[in-house]
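Engineer: Turn this into a model:
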Amino acid sequence: MTPILDGADPRALFVGRVWRSDVGGPSLVVVRQGRLFDITSREAATMSELLERDDVLDYVARAEGESLGTLDEITAAGLQGDRPSSKPRLLAPCDLQAIKACGVTFCGSMLERVVEERAAGDPDAAKAVREQIESAVGNSIRNLVPGSAAAARVKELLQSQGLWSQYLEVGLGPDAEVFTKSQPMSAVGWGSRIGILEKSQWNNPEPEIVLAVSSSGRLVGVTLGNDVNLRDLEGRSALLLGKAKDNNASCAIGPFIRLCNEGFSIEHIRSLSLTVRIKGTDGFELEGHSRIAEISRDPLDLIQQTMGENHQYPDGVMLFLGTSFAPTRDRDTPGRGFTHKTGDVVSITAEGIGTLSNTVEHCPRCIKWDFGSGALMRNLARRGLL
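Structural biologist: Predicted coordinates:
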């Protein structure tokens, strides 16, 4: 198993959350020299509150905290972090923040969304649809700037050929797709099972960069996410997006948030590359990549399209940026492409941020989400942190 912070810059500031059975709730942690320190306090009892601080870098650097053990010790149990344990286990590094996602931000994934739509969620029809679209479009849209005059001309051309789609609208038009991926407190972290619906027969992981953004729209940090995607549900109708995206354990974020500073800025984020590896119990293996440099909308523009005068998020936002990864390699039946099987281990890695690993399972057999915002407030109150 890949170490979750293998090769990370020793000067990097990583913050996250763990579940502590001895206090019956979550704690904020900072990573220092391979050890986790609990820095939860009345000054910052939640991750949302911590990331709202103007002095977050200084605060994290000076907070002493209680040592909880080494990262290796805490992760030694492997990818079963949702099992009860007396040791701390990693949680998604966010809590009260809204969890939003931007879709159709890369050309490759945009075309695959069109395939889903035209195939009406039927994986058997996908290959023929994909070939038709590639023949008509080719590489003509790969360098287009969304909302530009050139993009508008391509839109007219595609409409005249009967190939226009709502996915091309948000991929080429001025307005980005921004949707609610999951509810605050519902995301799972490193090591937990990730959920797919049992009735879904066409699905895949979506490895993404996730921005941690304060309520004022300030970029505070960055982490990794898996925007688990049920292609057959969304392909049947875009109105099924909520059911395709927001299910038990269907959103994974982690392992930690790397805080932005002079050594890690938006320029570094724009140059990040992600690698996703899928290993099945049937011996199947697949590797893919997603490069932020190929994104069609700048990350700062996506923040501005998500929040501002028209929409406020007082507890901040965790914002998925989208992915160019859309696996089409056949797994079993020729022409049906890729779909998950339970037991698949999905690992998403980005240099400088770490690795997010999870095991695929049907939603009812993933950890039940029963600790929400109300439970968090009651727990913190009992601990004297409110």
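Engineer: Verify the stated contact: Cys260 with Thr223.
Structural biologist: No: between Cys260 and Thr223 there is no contact, the gap being 11.5 Å when judged by C-beta atoms under 8 Å. For the C-beta atoms, the positions are set from N, CA and C on the backbone; glycine is no exception.
Engineer: out of the two, which sits in the busier spot?
Structural biologist: Regarding Cys260 and Thr223, a neighbour count based on other C-beta atoms under 10 Å identifies Thr223 as having more, with 27 against 21.
Engineer: so that one is in which element?
Structural biologist: Per DSSP states H and E, Thr223 falls inside strand 219-227.
Engineer: What lies in contact with the worst-scoring helix or strand of the chain on mean pLDDT?
Structural biologist: For the chain, counting by mean pLDDT, DSSP states H and E, helix 107-118 ranks last in confidence among helices and strands (a mean of 72). Applying C-beta atoms under 8 Å, 6 or more residues apart in numbering, the set of residues contacting helix 107-118 from outside is 103-104, 125-126, 129-130, 132-134, 137, 141-142, 163, 165-168, 171, 206, 231-232, 234-235, 238, 294, 296, 322-326, 328.
Engineer: Next, the residue of the chain most remote from its centre: phi, psi?
Structural biologist: Residue distances from the centre of the chain (C-alpha atoms, centre = their mean) peak at Ser160, which lies 35.8 Å from the mean C-alpha position. Summarising the backbone geometry of Ser160 under the convention degrees, to the nearest 10, its torsions are phi -70, psi -20.
Engineer: Now do the end-to-end distance for stretch 200-219.
Structural biologist: The first residue of stretch 200-219 is 35 Å away from its last residue (C-alpha to C-alpha, to the nearest Å).
Engineer: Pull out the buried positions in it.
Structural biologist: When neighbours are counted by 16 or more other C-beta atoms under 10 Å, the buried residues of stretch 200-219 are found to be 200-215, 217, 219.
Engineer: cool, stretch 217-235 as well?
Structural biologist: 217, 219-235.
Engineer: just stretch 31-47 next, same as before
Structural biologist: Buried residues in stretch 31-47, counted by 16+ other C-beta under 10 Å: Val31, Arg35, Leu36, Phe37, Asp38, Ile39, Thr40, Ala44, Ala45, Thr46, Met47.
Engineer: Make a markdown table out of the residues you listed and add pLDDT and distance to Gly316.
Structural biologist: Written out in a markdown table, the entries for the buried residues of stretch 31-47 read as follows (pLDDT from 0 to 100; distance: C-beta to C-beta, whole Å):
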| residue | pLDDT | distance to Gly316 |
| --- | --- | --- |
| Val31 | 96 | 21 |
| Arg35 | 94 | 27 |
| Leu36 | 96 | 22 |
| Phe37 | 97 | 23 |
| Asp38 | 98 | 21 |
| Ile39 | 98 | 18 |
| Thr40 | 98 | 17 |
| Ala44 | 97 | 13 |
| Ala45 | 98 | 15 |
| Thr46 | 98 | 10 |
| Met47 | 98 | 9 |
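Engineer: Among those, which one sits closest to Thr75?
Structural biologist: For Thr75, the closest of these turns out to be Leu36, at 10.0 Å, with distances computed as C-beta to C-beta.
Engineer: before we move on, back to that, out of the contacts of helix 107-118, which sit inside strands?
Structural biologist: Secondary-structure check on the contacts of helix 107-118 using DSSP state E: residues within strands are Gly103.
Engineer: quick one, helices of the stretch 201-350 of the chain?
Structural biologist: Secondary structure of the stretch 201-350 of the chain (DSSP state H, counting those that start in this stretch): helices at 231-236, 241-245, 266-270, 299-306.
Engineer: Return the set of buried residues in the third one.
Structural biologist: Judged by neighbour count using 16+ other C-beta under 10 Å, the buried positions of helix 266-270 are His268, Ile269.
Engineer: same question for it, mean pLDDT?
Structural biologist: For helix 266-270, the mean per-residue pLDDT is 96.
Engineer: How far away from the center of its chain is it?
Structural biologist: 17 Å (C-alpha atoms, centre = their mean, to the nearest Å).
Engineer: Just list what it packs against, helices and strands only.
Structural biologist: Applying 3 or more C-beta pairs under 8 Å, 6 or more residues apart in numbering; DSSP states H and E, one finds that helix 266-270 makes contact with helix 299-306.
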